[in-house]
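*Asks:* My questions are about this predicted structure, shown below with the sequence.
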Amino acid sequence: MDPLFIAVIMVFLLFVLIIAGIYIAVGLCFLSVMGLWWISGDFELAARLVGTTTYNAILDYVFSVVPFFVAMGLLANVSGASTDLYEAFNLLTRRIRGGLGVATVFANAVFAAISVASAAVFSKVSLPEMIKHGYNKKFALGVVAGSSVLGMLIPPSVLFVIYGIVSEQAIGRLLIAGILPGLVLTAIYSVGIVVMVRRKPELVLAEGTQRWKRPPALPTREYLRAFSKCWGIVALILVTLGGMWGGAFTPTEAGAVGAFGALILGLAKRKIGGASFWGVLLETGITTAGIFFLLISAQMYSRMLALSGLIDWTSKYVISLQWPPIAVIFMFIVIWLILGCLIDSASIMLLTLPLMLPIIKTLGYDLIWFGVLSVIVIEMGLLTPPFGMVVFAMKSALGGEAKIEEIFQGSYPFLWMMVLATLIIIIFPGLSTWLPSLM
């Protein structure tokens, strides 16, 4: 049988397994072996693929950045950084109508620079505060869910690490590339919240309240006292991101410095003990193992598709259509959005990039820009039903305090804001490429 046709069957079967609820990494691994066995007719060769890929797929030194970044975020969370940030920004925005929502976005944007666990963290930190002040529950849930996706765009981002590995682009440049687009999305969220509240004041008014009253200004020393609690987090961000941008650290070294700095910060605040530190190490290991298993399986699947000739055929076929390059980009965006309803972000990236990157190279697009675009679009899948990883993370953190459908409904306005941010990144590619060009 034609190897190309076998590869198409393997792609179809993968979607069948996903819909059936099979863990994506298991499905990738199984179909890779079956596909290569079918193509070559040699089971021993297919079985050998498992061993060689498992060893070679994550052998590179750069992969150690994953556990370092995960540990840094978990340690920073244990140290109470999220609460300090939220309280400081809450003071700063208290005189703005909808200020608690804006404070959540700002705190998420800063916390995203040290942690990827924003959804679960701010579900516990900011949601109760918004509910207490009379915010509409769905609106408050949407603010937390929407702003939580900033963690995948503002470094450190595991998705950028995965993209850099697959595309063979410098991970440090990719991480820095996400800063300006992340700030643009932060600004859009903040303005969007203010506009929503002005159009529908009932979103932030407690029942029985007719009009929002601006609170009095506080003395300058109150603001300074609040922000002085955040000095450790600010220093951590400046050292890790500044070190990468200035060339003092590789991404892996920056992750190690950041993790060590977060540990020192937690110890200085007396928030980290033996039990909590062991919990961080355990969760870091579990999270890293899951990511690595997915990377290994995806590498196996990509090799099977490459040996079948499907990747080369797809690239030539799309180019032969002679569509305008931007039409190809929008086709990829539609594919990502559809997949976002079914599977998680890392899996989408690992499944689609081997087919898309050769086309993007042929069309002459900047791979750093395409990486930023892919991350922000794939992020939308974190908020879309039925999978919505951020939504389920919030549900897990909140338990019976919120329903899945309430979180999805509250997130819809923020999805449209992400669409606007995506269009801005497409129209102004320099937002993604300017900072990396200075490195």
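*Replies:* That came through, no problem. Numbering: from 1, shown residues only.
*Asks:* Ramachandran coordinates for residue 216?
*Replies:* Here is the backbone geometry of residue 216 (degrees, to the nearest 10): phi -70, psi 150.
*Asks:* Next, the contact list for it, please.
*Replies:* Listed by Cβ atoms under 8 Å, 6 or more residues apart in numbering, the contact set of residue 216 is empty. C-beta here means a position set from N, CA and C on the backbone, and glycine is covered the same way.
*Asks:* could you point out which element follows the lowest-mean-pLDDT helix or strand in the chain?
*Replies:* When each helix and strand of the chain is scored by mean pLDDT, DSSP states H and E, helix 118-125 comes last, with a mean of 68. Moving toward the C-terminus from helix 118-125, the next helix or strand (DSSP states H and E) is helix 127-132.
*Asks:* That next one packs against which elements?
*Replies:* Applying 3 or more Cβ pairs under 8 Å, 6 or more residues apart in numbering; DSSP states H and E, we find helix 127-132 packed against helix 99-111, helix 137-148.
*Asks:* confidence score at residue 367?
*Replies:* Residue 367 is assigned 92 on the pLDDT scale.
*Asks:* so how far is residue 336 from it?
*Replies:* 16 Å (Cβ to Cβ, to the nearest Å).
*Asks:* Those two - which one has more neighbours?
*Replies:* Each of residue 367 and residue 336 has its neighbours counted (other Cβ atoms under 10 Å); residue 336 has more, 22 against 17.
*Asks:* Just the buried residues of the lengthiest helix in the chain, please?
*Replies:* Criterion DSSP state H: the longest helix present in the chain is helix 274-308. For helix 274-308, the buried set under the neighbour-count rule, 16 or more other Cβ atoms under 10 Å, comprises 277, 280, 284, 287-288, 291-305, 307-308.
*Asks:* which stretches of the stretch 251-400 of the chain form strands?
*Replies:* Using DSSP state E, counting those that start in this stretch, the stretch 251-400 of the chain contains no strands.
*Asks:* any chance you could map the helices in it?
*Replies:* 251-268, 274-308, 310-320, 325-340, 345-363, 367-380, 389-398 (DSSP state H, counting those that start in this stretch).
*Asks:* quick one: the fourth one to chain centroid distance?
*Replies:* Using Cα atoms, centre = their mean, to the nearest Å, the distance from the centre of helix 325-340 to the centre of the chain it belongs to is 18 Å.
*Asks:* pLDDT (mean, whole number) over it?
*Replies:* For helix 325-340, the mean per-residue pLDDT is 88.
*Asks:* how near is residue 402 to residue 111?
*Replies:* 20 Å.
*Asks:* thinking residue 250 is in contact with residue 172, fair?
*Replies:* Yes: between residue 250 and residue 172 there is a contact at 6.5 Å, judged by Cβ atoms under 8 Å.
*Asks:* neighbour count winner among the two?
*Replies:* With neighbours defined as other Cβ under 10 Å, residue 250 and residue 172 compare such that residue 172 has more, 26 against 17.
*Asks:* Where does the more buried one fall, secondary structure wise?
*Replies:* Counting by DSSP H and E, residue 172 is part of helix 171-177.
*Asks:* So which other helices or strands are in contact with that helix?
*Replies:* helix 158-167, helix 231-246, helix 251-268, helix 367-380, helix 430-437.
*Asks:* Kindly calculate the angle that the fourth one makes with helix 158-167.
*Replies:* Taking axes from the mean of the first three to the mean of the last three Cα atoms, to 10 degrees, helix 367-380 and helix 158-167 form an angle of 130 degrees between their directions.
*Asks:* cool, and the shortest one?
*Replies:* Here helix 430-437 points in a direction 70 degrees away from that of helix 158-167 (the same axes, to 10 degrees).
*Asks:* May I see the buried residues of helix 430-437?
*Replies:* 431-433, 435-436.
*Asks:* Among those residues, which one lies nearest to residue 361?
*Replies:* Distance to residue 361 across the buried residues of helix 430-437 (Cβ to Cβ) is lowest for residue 433, with 15.8 Å.
*Asks:* just checking, the closest one touches residue 365?
*Replies:* No: between residue 433 and residue 365 there is no contact under Cβ under 8 Å: 10.8 Å.
*Asks:* contacting residues for the residue nearest the centre of the chain?
*Replies:* Per Cα atoms, centre = their mean, the C-alpha nearest to the average position across the chain is that of residue 152, at 2.3 Å. Residue 152 makes contacts with 116, 158-159, 345, 375, 378-379, 382, as judged by Cβ under 8 Å, 6+ apart.
*Asks:* Thank you kindly, that will do.
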